[in-house]
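Undergrad: Only the shape, not the letters, is given here:
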């Protein structure tokens, strides 16, 4: 069966510090991978998605970047955090059926980021 | 503009009191509608996918239905463990985005 891991589970960082969140998927190959942010009381906002190693698409302009150095590894980064980067960050995967859309997505446990 | 709206924002039920959650959407072309359950501090858990109007899916006390404009998540004889936030999301034609609603926070009292 497939599992998805995220770490760390919680993180408190000062404004201006760098960020690195990691996501790994087990039990599947060539998954589509996603990073979402969830603000309190709001829906999930798609930040980045990837259909393969080194292939990253960004949905919204922001202070963050993503990378996919290995097939089942997805990393979310920032060089300098802003207060507005606080939130609940979720990684998700879906099966590669030749299209990003039309696939159910499975989520990891999330990382709670607080920027002070 | 493509939108997904869930109602009500919050719902409090007594154990055994059946009800429905609504997800209405205005999108240019629906490729799929998804329901998720999210417990506090955790990632969403996949429940159902619906692809075409008239389709229905069931899982234990939950039943999801789809029309051309909205989806309902019916909860029959809920139990306290059904308490969670239920999220609806849609995939849109010619778009790589899965658009999420803000969710309905369900509380079931014993």
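TA: Yep, it's here. This one's a predicted model, so the numbers in the text were calculated from it and none came from an experiment. Numbers count the residues shown, from 1 in each chain, chains lettered A, B, ... in the order given.

Undergrad: near chain A, anything from the helix or strand bottoming out on mean pLDDT in chain B?
TA: Scoring the helices and strands of chain B by mean pLDDT, DSSP states H and E places strand B:98-100 at the bottom, with a mean of 86. Yes: interface with chain A: strand B:98-100 contributes B:98, B:99, B:100 (C-beta under 8 Å from any C-beta of the partner chain). Any C-beta I mention is one placed from the backbone N, CA and C, and that applies to glycine too.

Undergrad: Who wins on neighbours among those residues?
TA: Within these, residue B:98 tops the neighbour count with 26 neighbours, counted by other C-beta atoms under 10 Å in any protein chain shown.

Undergrad: so what's it closest to, chain neighbours aside?
TA: The shortest distance from residue B:98 to any non-neighbouring residue, by C-beta to C-beta, 6 or more residues apart in numbering or on different chains, is to residue B:89 (5.0 Å).

Undergrad: Just list whatever residues bridge to the one you found.
TA: Judged by DSSP bridges, the bridge partners of residue B:89 are residue B:34, residue B:100.

Undergrad: about what we covered before: tabulate the residues of strand B:98-100 next to chain A (JSON lines), appending distance to residue A:9.
TA: What follows is these, written out as JSON lines (distance: C-beta to C-beta, whole Å):
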{"residue": "B:98", "distance to residue A:9": "24"}
{"residue": "B:99", "distance to residue A:9": "27"}
{"residue": "B:100", "distance to residue A:9": "22"}
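
Undergrad: Spatially central residue for chain A, please.
TA: Geometric centre of chain A, nearest residue: residue A:35, 2.6 Å, by C-alpha atoms, centre = their mean.
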